[in-house]
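# all I have is the shape, not the residue letters:
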Ligand code: ATP
Ligand code: MG
């Protein structure tokens, strides 16, 4: 599959195009060499034959048929290896002179011109089989003359050259294909790095930047431009956030004053209807103040202005405490509320912030799960991580909105009728970030309706405990070890 997607990349296709151009030029070069060597040698053979024919023709003109027969016999006698081939026959193919006995098969016609044939027993040849090339023509008076050359060596040489060309082309194609593949893989890898980083940035890791190699090549330039663009986006976002935080900050004091005045009025008036109305106004003001406070809290967490009070805390205990608070709420909605808490899962963190995060997630699960639904709260160790998970059977969040619910004030359409102002998950995200945690949203029952929601928060587990165990007495260390590996599951409806 990976190979297939590699072949589909534009860089591989570009490499393929270069390969075709390269292979074509290599082919043309080899064809030219072939033509200049093998072609040249064939032409030379033909020239030699023509020269012999010219010599024989002269003899014939001067001394007639007998002269021709004599010179052919002389030449045959002088050439025992039969490099040259002669055959002079009458018009009905009776041999008069020559070093082969019969006319080569298929040429028993009145054909003249060039032929290629095999020297074997069919032409009365005694020696080993060889290839020959000859020219046939009619001498005056119906005599037929064949003059040829043994071209076995030439043919062998041609074959060697052809084999070399075939191998050369094969190797060239294989190397070009491999080179193209490797070259395109290098390019694809760099694009993949950019793609992967972009995807992670889109998933909310806005502080990430695309790595550069420092080679100042076009990829580096692209990465630098994208990074600058990201810097600019972050700067603008910070600006917007700063404005909203400033509004919340500046309005908080007059709002508090207004609320207190309303409360004083509430005490002062004795008309029941007026009291009810003022009471509602106080509640509204409280809600508004709560929102402002939440907004400012998130802002402080994000800028780390509120430096967290990091201590070693037991995640399972913290979750158990929060569950105790929310069990009653779940019971009210007749939801099953189960806990699976592995014991002794320690993390380093701020107790209050973590408690707030856990509460927000359990609160959401109860709020967005209809009556008689089920909720399960899990704490477990996972490799070097500590995992806190809330699974519910509620309305769930569509996939394309899962990434957006961490934005401030973002609420999914169908949950807008329920109370809330879309700040809970922003706070969860800020707290998780401070604890180097990762949050994952997934469907509890994938493909079902409703899908439910599972929120998984994975934070680094506290590892320093081992160092402390070393310093502690042996039994205590053992006790702690046992504690950490046991797990309890409790469930309540
Ligand atoms: P609040 O500020 O009181 O928490 P809220 O619950 O609406 O208000 P968030 O907790 O930030 O805000 O959640 C944002 C949105 O994400 C919710 O409005 C809801 O649409 C969706 N959501 C959160 N948790 C769940 C859940 N467990 N199941 C389904 N939707 C959820
Ligand atoms: Mg909420």
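Great, that's in hand. Note that the structure is a prediction, hence the values are computed from the model and not measured. Ligands and ions are numbered 1, 2, ... in the order given.

# now the helices for the chain?
Applying DSSP state H to the chain gives helices spanning 2-7, 10-34, 40-78, 152-202, 218-268, 272-302, 315-332, 351-367, 399-402, 424-434, 465-471, 474-485.

# distance to ligand 1, mean pLDDT and mean neighbour count added to these, as CSV?
From N, CA and C alone the C-beta is placed, and that goes for glycine too. Shown next, in CSV, are the helices of the chain (distance: least, Cβ to the nearest ligand atom, whole Å; pLDDT from 0 to 100; neighbours: other Cβ atoms under 10 Å):
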stretch, distance to ligand 1, mean pLDDT, mean neighbour count
helix 2-7, 35, 71, 10
helix 10-34, 39, 85, 14
helix 40-78, 83, 89, 14
helix 152-202, 19, 87, 14
helix 218-268, 14, 90, 13
helix 272-302, 7, 89, 15
helix 315-332, 13, 96, 18
helix 351-367, 3, 95, 21
helix 399-402, 8, 92, 12
helix 424-434, 2, 93, 22
helix 465-471, 32, 38, 11
helix 474-485, 30, 37, 12
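
# with distance to residue 338 added, can I get those in JSON lines?
Listed next are the helices of the chain as JSON lines, based on distance: least, Cβ to Cβ, whole Å:
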{"stretch": "helix 2-7", "distance to residue 338": "41"}
{"stretch": "helix 10-34", "distance to residue 338": "52"}
{"stretch": "helix 40-78", "distance to residue 338": "91"}
{"stretch": "helix 152-202", "distance to residue 338": "34"}
{"stretch": "helix 218-268", "distance to residue 338": "38"}
{"stretch": "helix 272-302", "distance to residue 338": "29"}
{"stretch": "helix 315-332", "distance to residue 338": "10"}
{"stretch": "helix 351-367", "distance to residue 338": "11"}
{"stretch": "helix 399-402", "distance to residue 338": "24"}
{"stretch": "helix 424-434", "distance to residue 338": "21"}
{"stretch": "helix 465-471", "distance to residue 338": "28"}
{"stretch": "helix 474-485", "distance to residue 338": "22"}
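
# right, and the ones you listed - which one's nearest residue 391?
For residue 391, the closest of the helices of the chain is helix 351-367, at 7.8 Å, according to Cβ to Cβ.

# what angle sits between the closest one and helix 315-332?
Using axes from the mean of the first three to the mean of the last three Cα atoms, to 10 degrees, the inter-axis angle of helix 351-367 relative to helix 315-332 is 30 degrees.

# show residues contacting helix 351-367.
Residues outside helix 351-367 that contact it (Cβ atoms under 8 Å, 6 or more residues apart in numbering) are 301, 308-309, 311, 313, 315, 318-319, 321-323, 325-326, 329-330, 333, 335, 347, 375, 377, 388, 390-392, 394, 415, 418-420, 424-425, 427-428, 431-432, 434-435, 453, 455, 457.

# let's see it at 7 Å
Residues outside helix 351-367 that contact it (Cβ atoms under 7 Å, 6 or more residues apart in numbering) are 308, 311, 313, 318-319, 322-323, 326, 329-330, 333, 335, 375, 377, 388, 390, 392, 394, 418, 420, 424, 427-428, 431-432, 434, 455.

# ok, and of these, which contact ligand 2?
Filtering those for proximity to ligand 2 by Cβ under 5 Å from the ion leaves residue 424.

# wait, residue 87 sits on residue 98?
Yes - with contacts counted by Cβ atoms under 7 Å, residue 87 reaches residue 98, the gap being 3.7 Å.

# quick one on the thing from earlier: closest one to residue 143 among the helices of the chain?
Once those are compared by Cβ to Cβ, helix 40-78 is nearest, at 6.7 Å.

# can you check what angle separates that closest one from helix 152-202?
Helix 40-78 runs at 160 degrees relative to helix 152-202, counting by the same axes, to 10 degrees.

# for helix 40-78, packing partners?
Where contact means 3 or more Cβ pairs under 7 Å, 6 or more residues apart in numbering; DSSP states H and E, helix 40-78 is packed against strand 84-89, strand 95-98, strand 130-139, strand 143-150, helix 152-202.

# hmm, 6 Å instead?
Packing partners of helix 40-78 (3 or more Cβ pairs under 6 Å, 6 or more residues apart in numbering; DSSP states H and E): strand 95-98, strand 143-150.

# looking at the ones you listed, which is buried most?
The highest mean neighbour count among the helices and strands packed on helix 40-78, using mean count of other Cβ atoms under 10 Å, belongs to strand 143-150: a mean of 22.

# how far off centre is that strand?
Between the centre of strand 143-150 and the centre of its chain there are 69 Å (Cα atoms, centre = their mean, to the nearest Å).

# same question, stretch 377-384
Centroid separation for stretch 377-384 versus its chain: 31 Å, with Cα atoms, centre = their mean.

# now swap in stretch 297-317 and tell me
38 Å.

# swap in stretch 343-350?
In terms of Cα atoms, centre = their mean, the centre of stretch 343-350 is set 37 Å apart from its chain centre.

# before we move on, what about stretch 166-186?
Put simply, stretch 166-186 sits 22 Å off its chain's centre (Cα atoms, centre = their mean).

# mind checking how far the residue in the stretch 101-250 of the chain positioned nearest to ligand 2 is from residue 430?
Residue nearest to ligand 2 within the stretch 101-250 of the chain: residue 204 (17.8 Å; Cβ to the ion). From residue 204 across to residue 430, the span is 12 Å (Cβ to Cβ, to the nearest Å).

# what residues does this protein put near ligand 2?
Contact residues (Cβ under 5 Å from the ion) of the chain with ligand 2: 364, 424.

# how about the chain: which residue is closest to ligand 2?
Using Cβ to the ion, the closest approach of the chain to ligand 2 is made by residue 424 at 2.8 Å.

# nearest spatial neighbour of that residue, skipping sequence neighbours?
residue 360 (4.2 Å; Cβ to Cβ, 6 or more residues apart in numbering).

# residue 453: what's it in contact with?
By Cβ atoms under 6 Å, 6 or more residues apart in numbering, residue 453 lies in contact with 392, 396, 397.

# what is the nearest of those to residue 32?
residue 397 (68.5 Å).

# report how many residues lie close to the closest one.
23 (other Cβ atoms under 10 Å).

# against residue 71, how distant is residue 452?
From residue 452 over to residue 71 (counting by Cβ to Cβ), the distance is 108 Å.

# sweet, I'm off.
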